[in-house]
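>>> Structure, please.
(one chain, ligands or ions: 1)
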Amino acid sequence: MRSEERASALRALIDAANYHYYVLDAPTIPDAEYDRLLRELQDLEAAHPALSTPDSPTHRVGAPPLKDFASVTHQVPMLSLNNAFSDEEVAAFDRRVREGLGREGEEMEYAVEPKFDGLAITLLYQDGLFVQGATRGDGYSGEDVTANLRTVHAIPMRLADPAPPVWLEVRGEVLMLRRDFEKLNETAREKGEKTFANPRNAAAGSLRQLDSRITARRRLSFFAYGVGRVEGATLPASHSAIMDWLAARRLPVSSERRRVKGVVGLLDYFRELGRRRNDLPFDIDGAVYKVDALADQEVLGYVARAPRFAIAHKYPAQEELTTVEAIDVQVGRTGTLTPVARLAPVFVGGVTVTNATLHNEDEVRRKDVRVGDTVIVRRAGDVIPEVVGVVLERRPLRDLLTPLHEPFRMLEACPECGAPVIRLEGEAAARCSNGLACPAQRKQAILHFASRRAMDIEGLGDKLVEQLVDKGLVATPADLYDPAKVNRESLAGLERMADKSAENLIQAIEASRGRPLARFIFALGIRQVGEQTAKDLARHFGHLDAFAAADEAGLMAVPDVGPVVAAAIRAFLAEPHNLAVIEALRAARAWVDGEPAPRLAAPLAGKTFVLTGTLPNLTRDQARERIEARGGKVAGSVSKKTDYVIAGEEAGSKLAKARELGIAILDENGLIALLDESGA
Ligand code: IVH
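Residues are numbered from 1 along each chain as shown. Alright, predicted model coming up:
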């Protein structure tokens, strides 16, 4: 084959691989093969410079640095969107649209899509070839970031179109996928470099690099959401059809886009997308609604700098600014000391936040969070609020000149019991060395023992445990079952404890006797032993005594128990205090032993399930228990290792991923049939 033909064949292979990997998210060839093809093309082009073409994938590695960015005037201005923050504002938008079109009585068709939380850019294609890319700037002119955008693999260097338009301007958003953001920060952390606060900042920082070779090393993504200048082609007559038209030309468009009818359709989409917001591979800050028919868009036109035919419906912000009033240290169940920022109250992620975790000493130091600082607080979904970083520009001036507030240092004594704080080598967490003699750890241990997934003692919450421990009534979980300690009279002496609630608590404690061994082992609160490990241990040993007698090798015979877990178990059971508590709990008949699992009673052993969406009858916990009872495992995310995905109502990205990977998908009936088949 002549070099010219080979070069062109290589370009086609590499472009196809890029498209499948970056746009369809379904790789076709291994990375090593991709690298070999690219290397071969690079070598060919180096040997025969005339073979290089402007759309060659070899240009994606970046070009020598620029002095500054040239300015680009947008032929069609890049406008912004008005925002809606409530259902009423969306209803008002829809009403204005229908009135504007004189179609009050009708239901409008809308194209709906995520509001990507990245940076707006425009891509110019001349005769199908990517010739220029620019930022939005002030909407009328932006910066020429062509060299940087060439390094974004999702952006085609040539449109897949045999008869391309003379001019086509594609508008969309550059962003960084969460997984790429995590990786970037991890690498920065390892190197002791500055991390980015969120994917948006990382994308902005990467796009505005004068040295595009740096951009090339950051993985940026792109989604198209519209067009600007179009000449020499007739585009379809609706927004949604234009998106399909762009997709056919291999431009990435979001798979989350839909067509809906009326306000109900808009709000349903908003809620559905909102539920899945944290499962999406990228950050979004709302949904964008666009009147679908271009003819209608034209009639509606623009007001000031925003279209009347579109609106952005925003979710409550997941990040806000507030100030740090104090940094306290909390003692956890296993003695872990966690620095916690006390904050001026701030509404974020839909709730008012006053505390945020700072994780550990290293983390506080790295972020250099100090009292008085303005910080970014993030609360995404049900995840506990965290301090993302400090806005150094807002550090009080006096602190910049003569620091009033020193960098954080971990306490040397436990704030609860005064015992020395230790930090084991290789561990991020500092801990109180006092074990269960520390009242804070004692309280946490009892709370954990009583928690829903452990012994499930209803009504035994933190306020109550606090009083029981402080009054000296209860020092260990076993004391809960001691009628000399916990009884109607002793409970009556506690704050906010009516006769009825005392009675209920005593009943709940009684009801918790005789829990299965798995719950009991979990309830002990052994470090490293979570709910799943406790189940595995209970199934394997059957009896507590067999479990307690096992040495490390014996423990490691249990699936998924490694040396770290085995050592933690042995350390716990070597503690005379812990053995005494277990004996007292035995006397209280707190648990019942089972039978060790016969090897064959696990027909679903080795099978991994993922649950997604809402099942009609079974709760998630019930489905999980039934699968586990037959030896199956339930995982949180879909991967090639998943055997079955059980999908209910409103199953989202996990279902899509399962389809993509060709994994068996069952509904509730399918699951029940499978369980029955493997039951008996
Ligand atoms: S359409 C005429 N669609 O939101 C306006 N914009 O305030 C055309 N954005 O700067 C914008 N996702 O960066 C549109 N699906 C989407 C979007 C989106 C994010 C951003 C865009 C723009 C801002 C508008």
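
>>> how about the helices in the stretch 301-450 of the chain?
Here the stretch 301-450 of the chain has its helices, by DSSP state H, counting those that start in this stretch, at 361-367, 397-401, 439-450.

>>> Please identify the most buried of these.
Ranked by mean neighbour count, the helices of the stretch 301-450 of the chain are led by helix 439-450 with a mean of 22 (mean count of other CB atoms under 10 Å). No exception for glycine: its C-beta is placed from N, CA and C like everyone else's.

>>> following it, which helix or strand shows up next?
Toward the C-terminus, helix 439-450 is succeeded by helix 462-470 as the next helix or strand (DSSP states H and E).

>>> Check what contacts that following helix and list those residues.
With contacts defined as CB atoms under 8 Å, 6 or more residues apart in numbering, helix 462-470 is touched by 439, 442-443, 446-447, 450, 474-475, 486, 494-497, 505.

>>> Apply 7 Å and report the result again.
439, 442-443, 446-447, 474, 494-495 (CB atoms under 7 Å, 6 or more residues apart in numbering).

>>> same check, this time on stretch 245-259
The contact list for stretch 245-259, computed with CB under 7 Å, 6+ apart, reads 19, 23, 109, 111-114, 154, 156, 159-161, 170, 222-224, 235-236, 240, 243, 269, 273, 292.

>>> Which of the contacts of helix 462-470 sits closest to Phe609?
Among the contacts of helix 462-470, Leu447 lies closest to Phe609 (CB to CB), at 30.4 Å.

>>> Can you check what pLDDT the model gives the nearest residue to the closest one once chain neighbours are set aside?
Nearest residue to Leu447 in three dimensions, chain neighbours excluded: Val465, at 5.2 Å (CB to CB, 6 or more residues apart in numbering). pLDDT, Val465: 94.

>>> What segments of the stretch 151-300 of the chain are strands?
Secondary structure of the stretch 151-300 of the chain (DSSP state E, counting those that start in this stretch): strands located at 167-175, 221-231, 258-261, 284-291.

>>> now the nearest residue to Arg488 once chain neighbours are set aside: how far from the ligand?
Excluding its sequence neighbours, the residue lying closest to Arg488 (CB to CB, 6+ apart) is Ala502, at 5.5 Å. Going from Ala502 to the ligand by CB to the nearest ligand atom, to the nearest Å gives 56 Å.

>>> Enumerate the residues of this structure near the ligand.
Residues of the chain found near the ligand (CB under 6 Å from any ligand atom) are 79-81, 113, 115-116, 120, 136, 173, 225-226, 288, 307, 312.

>>> how about those residues in a markdown table, adding pLDDT, distance to Gly662 and neighbour count?
Listed next are those as a markdown table, based on pLDDT from 0 to 100; distance: CB to CB, whole Å; neighbours: other CB atoms under 10 Å:
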| residue | pLDDT | distance to Gly662 | neighbour count |
| --- | --- | --- | --- |
| Leu79 | 92 | 42 | 16 |
| Ser80 | 92 | 42 | 13 |
| Leu81 | 95 | 38 | 18 |
| Glu113 | 98 | 27 | 25 |
| Lys115 | 97 | 32 | 21 |
| Phe116 | 97 | 28 | 26 |
| Ala120 | 96 | 36 | 20 |
| Arg136 | 95 | 40 | 20 |
| Glu173 | 98 | 30 | 22 |
| Tyr225 | 98 | 30 | 23 |
| Gly226 | 97 | 33 | 20 |
| Val288 | 98 | 32 | 20 |
| Pro307 | 96 | 41 | 17 |
| Ala312 | 96 | 36 | 17 |
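
>>> nearest to Leu671, of these?
Leu671 lies nearest to Glu113 out of those, by CB to CB, at 33.0 Å.

>>> List the contacts of that closest one.
225, 254, 256-257, 288.

>>> could I get those as a markdown table with distance to Glu143?
Output for those, formatted as a markdown table (distance: CB to CB, whole Å):
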| residue | distance to Glu143 |
| --- | --- |
| Tyr225 | 20 |
| Ser254 | 25 |
| Glu256 | 29 |
| Arg257 | 28 |
| Val288 | 24 |
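
>>> and of those, the nearest to Lys633?
Glu256 (29.6 Å).

>>> Can you list phi and psi of the closest one for me?
As for Glu256, its main-chain torsions (degrees, to the nearest 10) stand at phi -90, psi 0.

>>> Save the contacts of helix 462-470 as CSV, and put in distance to Glu88 and pLDDT too.
Listed next are the contacts of helix 462-470 as CSV, based on distance: CB to CB, whole Å; pLDDT from 0 to 100:
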residue, distance to Glu88, pLDDT
Pro439, 50, 89
Arg442, 51, 91
Lys443, 46, 93
Ile446, 47, 95
Leu447, 42, 94
Val474, 51, 95
Leu494, 47, 88
Glu495, 43, 86
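
>>> Mind giving me the PyMOL select for the contacts of stretch 245-259, buried ones only?
Applied in PyMOL, the following selects the buried portion of these according to 16 or more other CB atoms under 10 Å:
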select buried, resi 19+23+109+111+112+113+114+154+156+159+161+170+222+223+224+240+243+269+273+292
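
>>> Next, the distance between the ends of stretch 445-455.
Terminal residues of stretch 445-455 are spaced 12 Å apart (CA to CA, to the nearest Å).

>>> Also stretch 410-430?
8 Å.

>>> residues in contact with the residue in the stretch 351-500 of the chain that the ligand sits nearest to?
Closest approach between the stretch 351-500 of the chain and the ligand, counting by CB to the nearest ligand atom: Ala380, at 18.4 Å. Taking CB under 7 Å, 6+ apart, we find Ala380 in contact with 278, 318, 349.

>>> Let me know the pLDDT of the second one.
At Gln318 the predicted local distance difference test score is 88.

>>> what does Pro403 give?
66.

>>> Also Leu397?
Looking at Leu397, its pLDDT stands at 74.
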